[in-house]
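Q: Here's my sequence, what's the structure:
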Amino acid sequence: MREWIALSELACRPADGDRVVARLPDGARRTHADFVALVARWQCAFLAQERRVWALYVQDPLAFAAALFGAWHAGKEVLLPGDDRPATLAALRELGCGLAGDLPEGLQAAAPGGAIPARHPLDLDATVLKVFTSGSQGQPQAIDKTLAPFWSEVEALEQAFGSRMDQGGTDAPVIWATVSHQHIYGLLFLVLWPLAAGRPLATQRLLYPEDMIQALGIGPAVLVATPAHLKRLGEHLNWAAVRANVRAVFSSGGPLPFEVSTQVADLMGERPIEVFGSSETGGIAWRQASQADTAWAPFADVQWRMEEGCLSVHSPRLPAAGWWRTSDRVEPAGQGSFRLLGRQDRIVKIEEKRVSLTAVEQALRDTELVQEARAVVVSTPIGERVGAVLVLSNAGRALVAQGRRALTDRLKEALVSTLEPMALPRRLRMVDAMPLNAQGKTPEGLLRELFAETAPSGAAMPESPPVTWLTRGADEALASLDIHERLSVFKGHFDRAPILPGVAQLDWALMLGRTCFDLPAHFVRLEALKFVNPVTPRTRLYVSLQRKTKPQEPDLAVLQFRLYSQAPQADAADADGEVREHASGRAVWRVDEGAGHV
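A: Prediction:
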C-alpha cells in the first residue's frame, strides 16, 4: 500500500528511492529521491534571488513540480502563465515578476552538488500560487490562491476516485494527460494529486489518438483529457490493447456530449468521469453519465444551493468562508445532486441596446443548420456588432455547398423572427471545430482572432488559405486549412490537374509555427523533409505543429510539422475516415544571434 503524503511535507520527507513518481518517454522511472534532489537545486536557485514573485513555465511536468516546490520552500510566490507567447511575456514583464524555467533568460536550477538547504513543512495558508482563468467568458483573470485549497481538492479527489484507480492490481497506474500542467486542471490531476498519492505521472503529453493508443497500451493507466481530445479519438484505430489497461478516464474543461462519452466507453472500456468546476471555485461536482441528463454529484466537502436560478457553492476551495455564486443555471435532481442548464445570459450593449449573446447562440442552434455556435462582440466599420463562429450541421454543410449566400440568407430568415435587429450577427465564420487552447477551452480571444481582417504577418504567398485553429497551446497546435481552387499558388502548377506546390506547404507550416510560437530569428536548417502525397483543391488540410528542444543542443529550437487530410467515410457523413499523409519535417532555429545558415 502506497503511503499518502501531504503536499506540505512532500519535499521534506527523507528521500525515498523506492517510491516512483514519474515515467519518462523512454520508459525510465524517476523516484521521490530524484524529485527531492531536484527540489533542493531549485530551492538554492531561488534563495539566491531577492525578487519575491516569479513566473514559472517548465514544459516537463516533473521538472515543473520540482521548480514549484523549490520556489515555495524558498519563500517565493509563484505565478503560472498559461503559455510563453510574446504577448504573455510582455504582460509578465509589466507585472515586474521574475522569469523561471523555459522562458527567455529564465532562472534555472542550481548546479548539483551544492549545500542542501533546510526544508520544513509548508504553511498551507502562506504558500501562494497565482493562476489565471481560461478566458472562456472574457479576458483571463488572475486569481491568488494558497496551497490550502489545492490540498483540500487533492484530498477530495482521492476520497472520490482513489479506490477505483487502484483496483485491478497492485501496480500503480501511470497518469497520462492531454492537458498542460500550467493550468489548474492539469496542475491538480497530473502533478499535485499523483505526487501525494504515489502514482507515477507521465512526462510525455498525449496529443493525438495514436499517441494515446501507444501509451495506454503499456500498462495500468489513467487518462486526464478534455472533451476536445475525446471527440477526436477515431473509431478506425485499434483500441483493443487499451481496454485492459485503462482504469479511469477524466474529462473537464467543458461539456462532454453524451455520444462522445459512450464512444469513449466503447473504445477504452471506461466511461469518462466528468469533473465540473472552475479556477475560482475548484472542483464542485462530478458525474459518470449513464444518460444525457445524468445529474451531477457534489464532492463530499461541497455544499450548494440555488440563488435566482444559479448555482451557489461553499467549500474549502473558496478564498473566504462565504458562498460563491456562479453563472451556471441549475435545477435540483434529488439526493443532493443537480442538473446543469447552461450559462446565465451574457448581456452586452450594442448601440445602447441590451443583447444576450447566449440567446444569439441558442437561436443559431435552433435553426438546425448549426451544430455549435459562439457569439462575440467584434469591431466593424460601423462600430461594435455581434459576430458568430459556427460549426455547421449536416444540413448546414449541404446548404453552404450551394454557396455561402444560400446559408446566410437562410440563417437571417430564421433569426429575424426571434432576435432584435441589433442582435443579428453581422459577421459569420464557419469552422470545422471551435478553436481551443491547451486546456481544451475556447477563450474569446481565439474567437476574435477569426474575425481579423488581415492575414497573419509573415505570410509569403499572395493568397493563403483560411486558417482555423483547432488547438493552440504553448508547445503544440493543430490548424485546418481550406485548400480551395482559387488560391493563386495553383496558377501554372499543372493547369489540367492542379496540385499544391511543396514550397507552399512548407511556407505555410513555417508561417503558422511562427504565429503560434516564439521561435528564434535565425533559421538553421530543415530536417527529415518529406512530401508523400499531392494536395489537390477542395482538400481540408490539417497542419500539426510541435515546438521542441534538443537536450544535447539547448541553443536550438525545433518546429516539427505534419500535414495530412482525413477523408470522410462513405457510410457516415460525420465520421472520420482514412488519414492521408501529405508532408512532414522539422525546421531548426538557433537562439545564438551570431549563427548563420547551414
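Q: What residues sit buried inside stretch 76-95?
A: 76-85, 88-89, 92 (16 or more other C-beta atoms under 10 Å). Every C-beta, even on glycine, is put in place using the N, C-alpha and C of the backbone.
Q: Relative to L129, which of the residues you listed is nearest.
A: Checking these against L129 with C-beta to C-beta, the nearest one is V78 at 5.2 Å.
Q: What residues does the residue nearest to L470 when sequence neighbours are not counted make contact with?
A: Of all residues not flanking L470 in the chain, L478 sits nearest, at 4.5 Å (C-beta to C-beta, 6 or more residues apart in numbering). Residues counted as contacts of L478 (C-beta atoms under 8 Å, 6 or more residues apart in numbering) are W469, L470, T471, R472, Y542, V543, S544, L545.
Q: Same question for T88.
A: P81, G82.
Q: got a pLDDT number for it?
A: Predicted confidence (pLDDT) at T88: the value is 79.
Q: Which helix or which strand is home to it?
A: helix 86-95 (DSSP states H and E).
Q: next one: L529
A: Counting by DSSP H and E, L529 is part of strand 522-531.
Q: and after that strand, which helix or strand comes next?
A: Following strand 522-531 in sequence order, the next helix or strand is strand 539-550 (DSSP H and E).
Q: Report the distance from that next one to the chain centre.
A: 16 Å (C-alpha atoms, centre = their mean, to the nearest Å).
Q: Any chance you could list what contacts stretch 583-591?
A: Contacts of stretch 583-591 (C-beta under 8 Å, 6+ apart): 502, 505-506, 509-510, 513, 519-532, 555-563.
Q: Just the buried ones from those residues, in ChimeraX syntax?
A: Entered in ChimeraX, the line below selects the buried ones among those, by 16+ other C-beta under 10 Å:
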select :502,505,506,509,510,513,519,520,522,523,524,531,556,557,558,559,560,561,562,563
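Q: sorry, back to before: which of the buried residues of stretch 76-95 scores worst on pLDDT?
A: R85 (74).
Q: show me the contacts for it.
A: A474, C516, F517, D518.
Q: got the buried residues for stretch 405-424?
A: L407, R410, L411, A414, L415, L419, A423, L424.
Q: And the furthest pair within those residues?
A: Across the buried residues of stretch 405-424, no pair lies farther apart than L407 and A423, at 18.7 Å, counting by C-beta to C-beta.
Q: just the helices in the stretch 151-300 of the chain please.
A: 184-186, 193-197, 209-216, 227-230, 240-243, 258-268 (DSSP state H, counting those that start in this stretch).
Q: could you dump the ones you listed to JSON lines with mean pLDDT?
A: As requested, the helices of the stretch 151-300 of the chain are exported to JSON lines (pLDDT from 0 to 100):
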{"stretch": "helix 184-186", "mean pLDDT": "93"}
{"stretch": "helix 193-197", "mean pLDDT": "98"}
{"stretch": "helix 209-216", "mean pLDDT": "92"}
{"stretch": "helix 227-230", "mean pLDDT": "86"}
{"stretch": "helix 240-243", "mean pLDDT": "91"}
{"stretch": "helix 258-268", "mean pLDDT": "94"}
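Q: Identify whichever of the ones you listed lies nearest to E449.
A: Among the helices of the stretch 151-300 of the chain, the nearest to E449 by C-beta to C-beta is helix 227-230 (17.1 Å).
Q: got the contact list for the closest one?
A: 178, 206, 249, 251, 253-257, 260-261, 264, 272, 433, 436, 440, 470-471.
Q: Also stretch 23-33?
A: 13, 15-22, 62, 174, 200-204, 218.
Q: start to end distance for that stretch?
A: Here the two ends of stretch 23-33 are set 14 Å apart, with distance taken as C-alpha to C-alpha, to the nearest Å.
Q: what do you get for stretch 23-32?
A: End to end - C-alpha to C-alpha - stretch 23-32 spans 12 Å.
Q: can you count the residues close to the residue lying closest to F490 once chain neighbours are set aside?
A: Sequence neighbours aside, P498 is the residue nearest to F490 in space, at 4.3 Å (criterion: C-beta to C-beta, 6+ apart). Per other C-beta atoms under 10 Å, the neighbour tally for P498 reads 18.
Q: Out of the contacts of R85, which sit inside helices?
A: C516 (DSSP state H).
Q: mind giving me the domain split of this structure?
A: Residue ranges for the domains of the chain, per automatic domain parsing: 1-205, 224-342, 347-430, 454-590.
Q: The longest one: how far from the chain's middle?
A: In this view, domain 1-205 has its centroid 18 Å away from the chain centroid, taken as C-alpha atoms, centre = their mean.
Q: Check the gap between P86 and P104 for me.
A: Distance of P86 to P104, computed by C-beta to C-beta, to the nearest Å: 10 Å.
Q: I meant L545, not that one.
A: Taken as C-beta to C-beta, the span from L545 to P104 is 20 Å.
Q: Who has more neighbours out of those two?
A: Shown here are L545 and P104; by other C-beta under 10 Å, L545 has more neighbours (23 against 10).
Q: wait, that one sits on G473?
A: No: using C-beta atoms under 8 Å, L545 is not in contact with G473; the gap is 9.8 Å.
Q: Just the pLDDT at the residue nearest to L470, thanks.
A: Looking at L478, the pLDDT reads 87.
Q: ok so it is a helix residue?
A: No: assessed by DSSP: H, G, I helix; E, B strand; the rest coil, L478 does not belong to a helix; its assignment is strand.
Q: List the residues that contact L237.
A: Applying C-beta under 8 Å, 6+ apart, the residues contacting L237 are P209, E210, I213.
Q: I'd say the last one and H236 touch.
A: No: between I213 and H236 no contact is recorded; they are 11.6 Å apart, counting by C-beta under 8 Å.
Q: Between those two, which is the more surrounded one?
A: I213 (20 against 14).
Q: can you tell me how far the residue nearest to L188 when sequence neighbours are not counted sits from V302?
A: Nearest residue to L188, sequence neighbours excluded (C-beta to C-beta, 6+ apart): E153, at 6.0 Å. Using C-beta to C-beta, we find E153 at a distance of 10 Å from V302.
Q: Spit out the residues that contact those two alike.
A: In contact with both E153 and V302: G283, using C-beta under 8 Å, 6+ apart.
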